[in-house]
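Undergrad: next input, structure requested:
(chains A, B, C and D)
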Protein chains: 2
Amino acid sequence: MSRHMFADRLERSTAPTLEAPIKCANCPIAERAVCAYCEPPELVELDQIKSYKSFEPGQEIVGAGEESVMVGSVVEGVVKLTKTLVDGRRQMVGLLFPSDFIGRAMRPTVEYDAVAATKVVLCAFPKSPFERLLKRTPHLEQRLLEMTLDELDAAREWLLLLGRKTAKEKVASFLCILAARTGEFEGADAGRKHFQIPISREDMADYLGLTIETVSRQITALRKDGVIEIDGPRRIVVSDLAELMETAGDDAEGGIIP
Amino acid sequence: MSRHMFADRLERSTAPTLEAPIKCANCPIAERAVCAYCEPPELVELDQIKSYKSFEPGQEIVGAGEESVMVGSVVEGVVKLTKTLVDGRRQMVGLLFPSDFIGRAMRPTVEYDAVAATKVVLCAFPKSPFERLLKRTPHLEQRLLEMTLDELDAAREWLLLLGRKTAKEKVASFLCILAARTGEFEGADAGRKHFQIPISREDMADYLGLTIETVSRQITALRKDGVIEIDGPRRIVVSDLAELMETAGDDAEGGIIP
DNA sequence: ACCGGTCCTTGACACACGTCAATGTCCAGA
DNA sequence: TCTGGACATTGACGTGTGTCAAGGACCGGT
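TA: The predicted structure follows:
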């Protein structure tokens, strides 16, 4: 995934005239707010205050307790949000993929650490003008509300996972979520699906409330069960998606893959 | 807490004229939307579609998978939101107190069971007219966004609790949260604080991702440590709030009690 | 007062997962 | 090619919490 690939995708497909909406790769905020036919002034303003920011793997984007000054969208890469107890125990509380909203609109401070899990490109807006724009642009506010509701739904599914699932179910659930979120960009044929795990075992452990050793053992167990195949620590082939979902413990019709 | 107490609190303090805002006890939706000075038409409409609904302890308010037809506010009592795995393991994913929003605006179905944990009174609005109103009333939508953001913050703190805290820390954290949410209505003097636990041990276990036996044991342990005193299973006296928060594992300055 | 049910507490034991430690794999840099 | 470090896997063992079971406390109905 080279830098010049990013550059390509970030090119606007059209100029920001009032006649045509702006295309902003993987940034639904800019893309949707920018509707030339209903609110021309906002469109240009939002486009003008946006900027792209890049981060290396492991680099901190913003830390817990800091003042919230930017909001935006993930354009490329994966961002992890984590909370840490005084003695160092860490729990992931958010995992953001391209097109996800990042930042805390309408809140003064950040309550978690946001760290790049891979190379990351953000489409960022300064918080104050974005909020002013938000108040004047109902359909933008509505869009933000919908994204927040999505995150809340995901968080509630996550609570169930952390509180009541076994280690094996946790790992299987995580792979299901990954298959749903990243698999769309990769191969899939008749129940088989292959994709990259974009984060380390340590990050998986922080996501699932486990240790890296347990994560590793459960992945091995799933391989021995014939549910997945492994090609290097980061490359997964799901042999039978239905069986993986069975192992994850959710209802078969449960909406993991919408 | 008698029925006639509810009736008292539900009385409108003023008539719903355009000159004076409506008071709706513990329903910030109706109370805030109803601002006679900025949006008179919405105010009257919101007041006209609202209705009060009562539920007995254990009664289901709405079930997972059902169509979402009502939204509203908790006026009296405590509502639990739970998710259940196919084999019956249950996890609480929300615990609503008076003034909390309940229901799923902008979503077609409900993804969890909502059950009255105590006697409950809701201030309810039919979903469709409420949503239409929402789109025409930016400050109402903004209010809903803020409440959703609050819930998301609480959910993230909850993820940390479920994923990384010990049983003792979980129970202590829960008591801290209760002290913050219900203690305001009860006694408090110089570090000491007493309040009722409004839910059963089973509900606590579902909240904390534990079994009732472990919850019971940890409460006993906290009592033996001298952190709390017990007067019947539902009545708690926090001897030293600072020490309880210490036991909960959060940073001392961490914002459990805002 | 007595009974039955529900809720809570306490104890003995089991096991899933954490902890500690060793080994393997891969890759960048010398 | 060798080496050091980061990351992942595997094994042996310990422990926190679940499971199973018994008993206590309370409450409403008869």
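Undergrad: from the centroid of chain A, which residue is nearest?
TA: With distances taken as Cα atoms, centre = their mean, A:Leu96 lies nearest the centre of chain A, 1.9 Å away.
Undergrad: that residue contacts A:Leu81, doesn't it?
TA: Yes - contact criterion Cβ atoms under 8 Å: A:Leu96 and A:Leu81 qualify, at 7.1 Å. The C-beta positions use only the backbone N, C-alpha and C, and glycine is treated the same way.
Undergrad: once you drop chain neighbours, what's closest to A:Arg223?
TA: A:Ile230 (5.4 Å; Cβ to Cβ, 6 or more residues apart in numbering or on different chains).
Undergrad: give the contact list for that neighbour.
TA: A:Ile219, A:Arg223, A:Ile236, A:Val237 (Cβ atoms under 8 Å, 6 or more residues apart in numbering or on different chains).
Undergrad: and what of A:Lys53?
TA: Per Cβ under 8 Å, 6+ apart, neighbours of A:Lys53: A:Gly72, A:Val121, A:Leu122, A:Ala124.
Undergrad: looking at these, which one is closest to B:Ile102?
TA: Closest approach to B:Ile102 among those (Cβ to Cβ): A:Gly72, at 31.2 Å.
Undergrad: was I right about the closest one contacting A:Ile29?
TA: Yes - between A:Gly72 and A:Ile29 there is a contact at 7.2 Å, judged by Cβ under 8 Å.
Undergrad: any shared contact partners between these two?
TA: In contact with both A:Gly72 and A:Ile29: A:Phe101, A:Cys123, A:Phe125, using Cβ under 8 Å, 6+ apart.
Undergrad: just the pLDDT for the residue in the stretch 101-250 of chain A that DNA strand C sits nearest to.
TA: For the stretch 101-250 of chain A and DNA strand C, the shortest gap (Cβ to the nearest atom of the strand) falls at A:Thr214, measuring 3.1 Å. A:Thr214 is assigned 98 on the pLDDT scale.
Undergrad: that's a helix at it, yeah?
TA: Yes - counting by DSSP: H, G, I helix; E, B strand; the rest coil, A:Thr214 is part of a helix.
Undergrad: tell me the spacing between the residue nearest to it when sequence neighbours are not counted and B:Ile199.
TA: Among residues not flanking A:Thr214 along the chain, A:Ala167 sits closest, at 5.1 Å (Cβ to Cβ, 6+ apart). To B:Ile199, A:Ala167 is 28 Å away according to Cβ to Cβ, to the nearest Å.
Undergrad: higher neighbour count, these two?
TA: B:Ile199 (21 against 16; other Cβ atoms under 10 Å in any protein chain shown).
Undergrad: please look at that one and B:Val78 and confirm they touch.
TA: Yes - taking contacts as Cβ under 8 Å, B:Ile199 lies within contact range of B:Val78: 6.3 Å.
Undergrad: what is in contact with those two at once?
TA: Shared contacts of B:Ile199 and B:Val78, defined by Cβ under 8 Å, 6+ apart, comprise B:Leu95, B:Ala117, B:Thr118.
Undergrad: for chain A, state which of those is nearest.
TA: B:Leu95 (11.3 Å; Cβ to the nearest Cβ).
Undergrad: quick one, what contacts the closest one?
TA: Shown in contact with B:Leu95 (Cβ under 8 Å, 6+ apart): B:Val78, B:Val79, B:Lys80, B:Leu81, B:Ala117, B:Ile199, B:Tyr207.
Undergrad: buried residues, the longest helix seen in chain A. List them.
TA: For chain A, the helix with the greatest residue count under DSSP state H is helix A:138-164. Within helix A:138-164, the residues that qualify as buried are A:138, A:140-149, A:151-153, A:155-164, counting by 16 or more other Cβ atoms under 10 Å in any protein chain shown.
Undergrad: and chain B, which of these contact it?
TA: A:138, A:141-142, A:144-146, A:148-149, A:151-153, A:155-160, A:162-164 (Cβ under 8 Å from any Cβ of the partner chain).
Undergrad: which of those residues are close to DNA strand C?
TA: Near DNA strand C, taking Cβ under 7 Å from any atom of the strand as the test, no member of these is found.
Undergrad: so, low pLDDT: which residues of chain A?
TA: A:1-23, A:31-44, A:183-190, A:251-258 (pLDDT under 70).
Undergrad: return the residues of chain A in contact with DNA strand C.
TA: Residues of chain A lying close to DNA strand C by Cβ under 7 Å from any atom of the strand are A:Thr166, A:Ala167, A:Lys168, A:Gly209, A:Leu210, A:Thr211, A:Glu213, A:Thr214, A:Gly232.
Undergrad: taking the stretch 51-200 of chain A, what residue is nearest to chain B?
TA: Chain B sits closest to A:Gly163 of the stretch 51-200 of chain A, with a gap of 3.0 Å, by Cβ to the nearest Cβ.
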